[in-house]
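1. Quick one: sequence plus predicted model below, questions after.
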Amino acid sequence: MPVIDKQDADRRRAGPTPTSVSDLAPVPTRSSSASADVVGRRKVSIHKNVYDADFEYGKQPLRWEEFTASGGTITHQPGAGAVRMTLPTTSGAITIRQSRPYHRYQPGKTMFMATAVNFGAAQANQIQRVGFFDDSNGVFFEQAAPTTENPFGMACVVRSDTSGVVTDTRFRMVAPGGLSEWSGDPSILASIDWTRIQMLFVEYAWYGAGAVRWGIFIDGEPVILHQVGFGNRASQTVAWSRTGNLPVRYEQRNTGTTALANDMNHYGVSVMVEGGIDEQRGFTYTYGMALGTPTRTVAAATNRFPVLSIRMRVMGTQEYTQATAAATAGTTTSLTAGTAAWTVNQWRGRCVNYIVSGVSYVARITSNTATVLTIADVITGGAMAVAPVAGQNYTIGLINRGQLLPKRLIVSSSALAQCEIFFSTPTSPIVLTGASFVAMSSLGSGNSFAERDVSATSFTGGERIKKFLLPAGGSGLQVFELLDLFPLYNNLRGSVPDIMTLAVTTQTGVPSNVGADFDAQEAMS
């Protein structure tokens, strides 16, 4: 289908333009119009949906994670096929819906998302956002801070933590003084009523210095509202975001008390890769029983014994641990290490993971001295719910946003038994009793980001997604393909990675010795 680029058509009708110095400001060329992606490839190339969702029957809780605070609510609207996110007037109220996967960026390809949204009415002390982003990096539309010149409060935003501080760079639809900071056609910009439902798109190439776009569909035609190229851009010396692997996210926040409650409704969404997609990159490892202990004994009449569990580790990078300097004290806003010799603000922008009473917490490091980390909640920016304590383990690095893709299960049993595979979900994570997760990097798989447990004796939570029978008599190994199972992710806060558990149920009077190995691919970039 042909794509109309009004600016380009107007330029061609106008004929050649003067070449004075004042005319040398960059303007979009045909290769950067809506008919080409942000790496210049004409949009006749293959594109592929890598993620899509509609909400006809519910909020898709296995594929989306939610967060609310201070009275924010998220409800399904079955009569509209929508999800409604509602903020009261309370200061600090938050609603967030984020896709479980961080969509894997491939250099040379363009990431593209489209969605229908009604932001609701713009008002002071309130923010609505939608796009490819999380709490640290991304690109999105934002409705906030309405003014006389910009009554809808619309802006295009690039978020980055490459400086160590999360920074939002805003391009306002109408800036103070009445001038637009958007590069789109002024006549089209003036015609948009942002209180109506809109079909939006966001598009980017990362590379570190790629381009990003924000656009809208009008009468079925894509219209670019704003575009920024970061290669050779004035004052741009680092990547425009730390990563190109980003989730889809819808978000509301009250930054103060508001005059009215507000509803933001969102509808279907798709994520596509322009230029085709290669098979997911990553390395496949096997996670199984301990060396010298090829099986675990499941006693007779045992119900759902967790023979084997695997998960990704919490932190993607592990740049400093308590092995060098043990924690000596902590508060909800700080962690103190006894003999550390850190450079001031060396860890600003990183995260710290610590465990209290068996529960994992991840905090953003906002600054540090030679021995003290100042920390904040990843989502709210406020104090942590639980303080780190003296003597505990901690790790400094980046949150793990990779994913574990199950491939197959190899399993054997000495007696008749039933097997089930359980997965964590956002609303029902698996909680193991007696678990002792061991890093695969310590078991011979030096570059693995995963951990496995063969110690747990019971579990709660999770969702059963597969069931099969193990025959009696130790009839040999069985192999089950798992390619159609969910990937394993980390949660919104980055503190609780999904767990996949093989659970075995034995018969009355018949114990069984069960051995098992999972194969899975670790997709980190």
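-> Everything's here; your move.
2. residue contacts, the closest residue to Ala69 other than its chain neighbours?
-> Using CB to CB, 6 or more residues apart in numbering and skipping residues adjacent in sequence, the residue nearest Ala69 is Ile94, 4.2 Å away. Every C-beta, even on glycine, is put in place using the N, C-alpha and C of the backbone. Contacts for Ile94 (CB atoms under 8 Å, 6 or more residues apart in numbering) come out as 67-70, 72, 87, 251-254, 379-380.
3. Those residues: which two are farthest apart?
-> Using CB to CB, the two most remote members of the contacts of Ile94 are Leu87 and Ile379, lying 15.2 Å apart.
4. and those two? which has more neighbours close in?
-> More crowded of Leu87 and Ile379, by other CB atoms under 10 Å: Leu87, with 27 against 18.
5. Can you tell me the number of residues neighbouring Val50?
-> Using other CB under 10 Å, Val50 has 16 neighbouring residues.
6. Run through the helices of the chain in chain order.
-> With DSSP state H, the ranges of helices along the chain come out as 6-14, 186-191.
7. Does Thr73 touch Arg97 like I think?
-> No: taking contacts as CB atoms under 8 Å, Thr73 lies outside contact range of Arg97: 11.8 Å.
8. Give me the more crowded residue out of these two.
-> The neighbour count for Thr73 versus Arg97, taken as other CB under 10 Å, is higher for Arg97 (25 against 15).
9. partners of that one in the sheet?
-> Counting by DSSP bridges, Arg97 is bridged to Glu66, Tyr250.
10. Could you pull up the residues touching it?
-> Contact partners of Arg97, counting by CB under 8 Å, 6+ apart, are 59, 64-66, 74, 83, 85, 249-251, 266.
11. And Ser160, by the same measure?
-> 137, 166-167, 169, 239-242.
12. Distance check, Gln106 against Gly462.
-> In this view, Gln106 and Gly462 are 31 Å apart by CB to CB, to the nearest Å.
13. of these two, who's got more company?
-> Gly462 (25 against 18).
14. Where does pLDDT dip in the stretch 1-150 of the chain?
-> Applying pLDDT under 70 to the stretch 1-150 of the chain flags the ranges 1-35, 39-45.
15. switch the cut-off to 80
-> Low-confidence segments of the stretch 1-150 of the chain (pLDDT under 80): 1-47.
16. Quick one, which of the contacts of Ile94 are buried?
-> Buried members of those, counted by 16 or more other CB atoms under 10 Å: 67-69, 72, 87, 251-254, 379-380.
17. got JSON lines for those residues, with distance to Val510 too?
-> As requested, those are exported to JSON lines (distance: CB to CB, whole Å):
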{"residue": "Phe67", "distance to Val510": "46"}
{"residue": "Thr68", "distance to Val510": "47"}
{"residue": "Ala69", "distance to Val510": "50"}
{"residue": "Gly72", "distance to Val510": "52"}
{"residue": "Leu87", "distance to Val510": "57"}
{"residue": "Glu251", "distance to Val510": "53"}
{"residue": "Gln252", "distance to Val510": "55"}
{"residue": "Arg253", "distance to Val510": "56"}
{"residue": "Asn254", "distance to Val510": "59"}
{"residue": "Ile379", "distance to Val510": "49"}
{"residue": "Thr380", "distance to Val510": "52"}
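18. Relative to Tyr267, how far out is the residue nearest to Ala69?
-> 21 Å.
19. Thought Asn245 was touching Ser525, still the case?
-> Yes: counting by CB under 8 Å, Ser525 touches Asn245, with 6.6 Å between them.
20. Neighbour count: these two, which is higher?
-> When Ser525 and Asn245 are compared for neighbours, Asn245 comes out ahead with 23 against 14, by other CB under 10 Å.
21. give the contact list for the nearest residue to the more buried one once chain neighbours are set aside.
-> Leaving aside its sequence neighbours, Asn245 sits nearest to Tyr102 (CB to CB, 6+ apart; 4.6 Å). Contacts for Tyr102 (CB under 8 Å, 6+ apart) come out as 134, 245-247, 401-403, 489.
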